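*Asks:* sequence unknown, structure follows:
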């Protein structure tokens, strides 16, 4: 076996590209859902009273102090055992959602478990970044708004949150990059994403250098693209940039 | 909840096949964490100093190389070292060595930024004062800058170590029998209580991470108190 031996057959390139497609689709949906959930958690923690604060803090601590791999195993193996039998069967059976011309197929169970686990993980980190952003807003801003007659909720919604999001934007982009990399862990529960595909190609062809090389380049490309886009958004937003 | 599945397999979860076979389970997780934690600290310190002290082309090349390590999933890096290390060294490396190499490189890459930032945070005046006293650049770094910069970097190191403890679970992908791997083995054997097994394993990792965190706060507080008393 030589290091720079043969090129990969087109068939295997297609495997890798399909895996990359799964990685991108999973990353994108986890980023969207994780951001929504993370924001909700952050708002709940800041405005929901002592009970909500303790609850969200415990959730975030739990997620952040255990390995993502163990969490994925828990959602894949463990959650199925804890759920009522009817629900497990329903999740495992195919459903289709007809949206006009598009016919969305129901994802496989490992996709659901992977999506769910990754979303909770990303949300916990994003919630913390947003909280750090809120803490970065100067208290005088709040006092000024209260003096103008705004209520607590209005201050949070119109004064604190917009500024916090600007401060938190680049750290949140960092979490998006982590999410892209974290999707590689779903190969352990059988999701055919890029790492899984590269391993498959390697075991079939023994061309480890090519298989891992292409997969690595695709990951680096995706991470670099999202990072560049994130910085471009931050730069187009002068108010946010000025504060940094 | 069924606790028996944990208590029956506790020995295996904690130590793997040891003492009849190779070390595994929690014990191997601790070994992997310790080794890669130490190696990544050394590597991060060296690379961070290189990053802070170099300029121009060397610095740009370093930033590019370190960025590459941070852009690639750890799973891929483990695959790479699994495949490349035997070619580089000409003999087979045990899987644990493969994992420690990959984790040390990632941890070192992340830490080097923190170390460089810590060094650069010390004001220019300190450098100039040292140079004016007749010290060389490296002497200033060793005698004046690092003693002040290192304590400030401590939180980054602790964060990276807890991240490393969690990342040792990725050794699973090449079949190293650490805690996560033996947990799936127990799960496959028992078949019926997956939730209990993975909740227990998650709790063990959580305790480890919290312990490192607490220990670090204790150590840094003990160091700082007498100094605060003197001034």
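*Replies:* Nice, thanks for sending it over. None of these values were measured; they are calculated from a predicted model.

*Asks:* stretch B:8-23 close to chain A?
*Replies:* No. Judged by C-beta under 8 Å from any C-beta of the partner chain, stretch B:8-23 makes no contact with chain A; its nearest approach is 12.4 Å. The way it works is simple: take the backbone N, C-alpha and C, and place the C-beta from them, glycine included.

*Asks:* kindly apply the preceding question to stretch B:168-180 instead.
*Replies:* Yes. Counting by C-beta under 8 Å from any C-beta, chain A has neighbours in stretch B:168-180: B:168-170, B:172-173, B:180.

*Asks:* filter those down to the ones in helices?
*Replies:* residue B:180 (DSSP state H).

*Asks:* show me the two of the residues of stretch B:168-180 next to chain A that sit farthest apart.
*Replies:* Within the residues of stretch B:168-180 next to chain A, two members stand farthest from each other by C-beta to C-beta: B:168 and B:173, at 11.7 Å.

*Asks:* around chain B, pick out the residues from chain A.
*Replies:* Within chain A, the positions near chain B by C-beta under 8 Å from any C-beta are A:3, A:62, A:65-71, A:73-74, A:77-82, A:177, A:181-185, A:187-188, A:195, A:198-199, A:202, A:208-209, A:212, A:215-216, A:219-220, A:223-224.

*Asks:* show me the helices in chain A, by range?
*Replies:* A:10-47, A:49-64, A:68-73, A:79-82, A:85-92, A:109-135, A:139-147, A:152-154, A:161-182, A:194-205, A:208-236, A:238-243.

*Asks:* then chain B?
*Replies:* Applying DSSP H to chain B gives helices spanning B:4-8, B:10-15, B:25-53, B:56-71, B:74-89, B:95-121, B:124-132, B:137-140, B:146-167, B:179-190, B:194-230.

*Asks:* and the last one, what does it pack onto?
*Replies:* Read that as helix B:194-230. Taking 3 or more C-beta pairs under 8 Å, 6 or more residues apart in numbering or on different chains; DSSP states H and E as contact, the helices and strands that helix B:194-230 lies on are helix A:68-73, helix A:79-82, helix B:4-8, helix B:25-53, helix B:146-167, helix B:179-190.

*Asks:* tell me the angle of the fifth one relative to helix B:124-132?
*Replies:* Angle between the axes of helix B:146-167 and helix B:124-132 is 120 degrees (criterion: axes from the mean of the first three to the mean of the last three C-alpha atoms, to 10 degrees).

*Asks:* up against chain A, what does chain B have?
*Replies:* B:68, B:71-76, B:79-80, B:83, B:87, B:162, B:166-170, B:172-173, B:180, B:183-184, B:187, B:192-199, B:201-203, B:205-206, B:209-210.

*Asks:* contact partners for the nearest residue to residue B:184 once chain neighbours are set aside?
*Replies:* Distance criterion C-beta to C-beta, 6 or more residues apart in numbering or on different chains; nearest residue to residue B:184, sequence neighbours excluded, is residue A:73 at 6.6 Å. Residues in contact with residue A:73 (C-beta atoms under 8 Å, 6 or more residues apart in numbering or on different chains) are A:188-189, B:180, B:183-184, B:187, B:194, B:198.

*Asks:* and which of the residues you listed is nearest residue B:45?
*Replies:* Distance to residue B:45 across these (C-beta to C-beta) is lowest for residue B:180, with 29.0 Å.

*Asks:* how many other residues sit next to the closest one?
*Replies:* For residue B:180, the count of nearby residues is 27 (other C-beta atoms under 10 Å in any protein chain shown).

*Asks:* ok, it touching residue A:69?
*Replies:* Yes. Shown here, residue B:180 and residue A:69 form a contact pair, counting by C-beta atoms under 8 Å, at 5.5 Å.

*Asks:* what's the overlap in contacts for these two?
*Replies:* B:169, B:172.

*Asks:* return the set of buried residues in stretch A:169-178.
*Replies:* For stretch A:169-178, a neighbour-count test (16 or more other C-beta atoms under 10 Å in any protein chain shown) marks A:169-170, A:172-178 as buried.

*Asks:* low-confidence bits of the chain, can you list those?
*Replies:* Chain wasn't specified; assuming chain A. In the predicted model of chain A, residues A:1-5, A:96-104, A:237-244 satisfy pLDDT under 70.

*Asks:* you looked at the wrong chain, it should be chain B
*Replies:* B:223-231.

*Asks:* find the nearest non-adjacent residue to the residue sitting nearest the centre point of it, please.
*Replies:* In chain B, the C-alpha nearest the mean C-alpha coordinate belongs to residue B:37, at 3.5 Å (C-alpha atoms, centre = their mean). With C-beta to C-beta, 6+ apart as the criterion, residue B:37 has its nearest non-adjacent residue at 4.9 Å, and that residue is residue B:161.
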